[in-house]
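A.B. asks: Here is a sequence together with a model predicted from it:
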Amino acid sequence: MKATKNWKTRAVLAASLGACLLAVQAPATAQQAPWPDKPITMVVPYSAGGPTDVVARMLAIPMGKSLGQTVIVENTVGAGGTIAPGRVAKAAPNGYTILIHHMGMATAPALYKKLSYDPLKDFEYVGQVMDVPMTLLSRKDFPANNFQELLAYVKANKDKVTLANAGIGAVSQLCGMLFAHQIGVQLTTVPYKGAGPALNDVMGGQVDLVCDQTTQTAPVIKDGNRVKVFGVTTPKRLSSMPNIPTLDEQGLKGFDVKVWHGIYAPKGTPPAVMQKLNTALRAALQDDMVKHRFAELSTEAVPMDKVTPEALRTHLAAETEKWGKVIRAAGVQAD
């Protein structure tokens, strides 16, 4: 009897020990689950249909394919594109919430006295995406038919001329601001909640001018019947639209505005997760369909040596310094 009792005691102890080991091992097993094991949200700071949204949706499918999970594009609009970065900066650093943003990441510190985030301290960097040229457009029935006529009309009518933009802090606002500053005329700016609505009102004849990215304007320009185009903002003509002269060659010397995009994650996101995100971005930028769509929109991906965390971090720091000087010199504030 005594031996039987001891055997039962040992069995109970062994079972208890096994249960304890399983309890200890369970969290470790959960932590080792492969990432990602659920959809990833890519947050866009601007409205659906706008240039940055277009880029995000082009990348989402091939990135998702590479990661083995759906990448959901979510528009978080407001405060000149600063709400979305603030949200992502405060998100759990697990790689399931990421941000795609353009050069607004570099201009926000100079435009806003109080930001809920620091672009250079509160993020991990996935990599650069693309550089997008911009174009200066007008409504179809605008009186001017070429750039010199545009300058003459604007200087004669000044603040009677309306200039649309996608909101305070948007690249279209910065481009328009530089255009007005360089020609020495104060125009009446009309801010919208996104580039899509701004361009729609130019096409509809409610506003005179807009300066916006080719990801938004190229299809409209190629249509040939809805707007007039007066120039591109890059130093060289675009190979996809070689007949459109640059603003630089038409007299605005040194006029050079390109819109760069990058992808970010919350600070503290694990290196292994960042590596997978970077690999997925690189794969997406080399996807044939993405290359084709970029070409249609008169842009292209940056070289692969720029699709790195280090390259994006360095570029962001340089652009923050560059645009900070421009914005402070112009005395522009968004708050």
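C.D. replies: Ah, there it is. Residues are numbered from 1 along each chain as shown.

A.B. asks: Tell me how many other residues crowd Met42.
C.D. replies: 20 (other Cβ atoms under 10 Å). All C-beta spots, glycine's among them, are computed from the backbone N, C-alpha and C.

A.B. asks: In contact with it, which residues?
C.D. replies: Shown in contact with Met42 (Cβ atoms under 8 Å, 6 or more residues apart in numbering): 56, 59-60, 63, 71-74, 98-100, 263.

A.B. asks: if I read this right, Arg293 contacts Arg57, doesn't it?
C.D. replies: No: using Cβ atoms under 8 Å as the test, Arg293 is too far from Arg57 to be in contact (9.7 Å).

A.B. asks: that older thread, take the contacts of Met42 and keep only those in strands.
C.D. replies: Those of the contacts of Met42 mapping onto strands are 71-74, 98-100, 263, per DSSP state E.

A.B. asks: Any of the residues you listed buried? List them.
C.D. replies: Taking 16 or more other Cβ atoms under 10 Å as the criterion, what is buried in the ones in strands among the contacts of Met42 is 71, 73, 98-100, 263.

A.B. asks: now, among the residues you listed, which is nearest to His181?
C.D. replies: Lowest distance from His181 to those (Cβ to Cβ) belongs to Ile100, with 28.8 Å.

A.B. asks: Would you mind giving me the confidence score for that closest one?
C.D. replies: With respect to pLDDT, Ile100 has a value of 98.

A.B. asks: swap in Val71?
C.D. replies: Checking the pLDDT column for Val71, the value is 98.

A.B. asks: What's the separation between it and Asp287?
C.D. replies: 13 Å (Cβ to Cβ, to the nearest Å).

A.B. asks: for Gly268, what are its contacts?
C.D. replies: By Cβ under 8 Å, 6+ apart, the neighbours of Gly268 are 93, 124.

A.B. asks: sec struct for it, please.
C.D. replies: coil (DSSP: H, G, I helix; E, B strand; the rest coil).

A.B. asks: Let me see the confidence value for it.
C.D. replies: In this model, Gly268 carries a pLDDT of 98.

A.B. asks: the helices in the stretch 1-150 of the chain, which residues?
C.D. replies: Counting by DSSP state H, counting those that start in this stretch, the stretch 1-150 of the chain has helices at residues 2-31, 51-67, 83-90, 104-111, 147-157.

A.B. asks: The third one: which residues count as buried?
C.D. replies: Judged by neighbour count (16+ other Cβ under 10 Å), helix 83-90 contains these buried residues: 84-89.

A.B. asks: And the residue nearest the centre of this protein?
C.D. replies: His101 (2.5 Å; Cα atoms, centre = their mean).

A.B. asks: ok, now which ones touch the residue nearest to that one when sequence neighbours are not counted?
C.D. replies: Of all residues not flanking His101 in the chain, Pro45 sits nearest, at 5.7 Å (Cβ to Cβ, 6 or more residues apart in numbering). Pro45 makes contact with 52, 76-77, 81-85, 99, 101, 104, according to Cβ under 8 Å, 6+ apart.

A.B. asks: Quick check: of those, which lies closest to Leu67?
C.D. replies: Looking across those and measuring by Cβ to Cβ, the closest to Leu67 is Leu99, at 16.2 Å.

A.B. asks: Am I right that the closest one is in contact with Pro85?
C.D. replies: Yes: under the criterion of Cβ under 8 Å, Leu99 makes contact with Pro85 at 5.9 Å.

A.B. asks: picking up where we left off before, can you name the residues that contact the residue nearest to the centre of the chain?
C.D. replies: Each residue near His101 by Cβ under 8 Å, 6+ apart is listed here: 45, 52, 81, 84-85, 261-262, 264.

A.B. asks: any low-confidence regions in this structure?
C.D. replies: Along the chain, segments meeting pLDDT under 70 span 1-32.

A.B. asks: now the strands for it?
C.D. replies: Under DSSP E, the chain gives strands at 40-44, 71-75, 97-101, 123-132, 134-139, 162-165, 188-191, 209-213, 227-232, 259-266, 300-301.

A.B. asks: right, so the ones you listed: which one is the most enclosed?
C.D. replies: Highest mean neighbour count of the strands of the chain: strand 209-213, a mean of 29 (counted as mean count of other Cβ atoms under 10 Å).

A.B. asks: what comes into contact with that strand?
C.D. replies: 51, 132-138, 142, 161-166, 171-172, 175-176, 179, 187, 195, 198-199, 202, 233, 257, 259.

A.B. asks: For Asn94, see how far away Phe230 is.
C.D. replies: Taking Cβ to Cβ, one finds Phe230 at 47 Å from Asn94.

A.B. asks: repeat for Gly78
C.D. replies: 25 Å.

A.B. asks: for Gln250, same thing?
C.D. replies: Distance of Gln250 to Asn94, given as Cβ to Cβ: 50 Å.

A.B. asks: ok, now Lys306?
C.D. replies: From Lys306 to Asn94 the distance is 26 Å (Cβ to Cβ).

A.B. asks: Thank you, goodbye.
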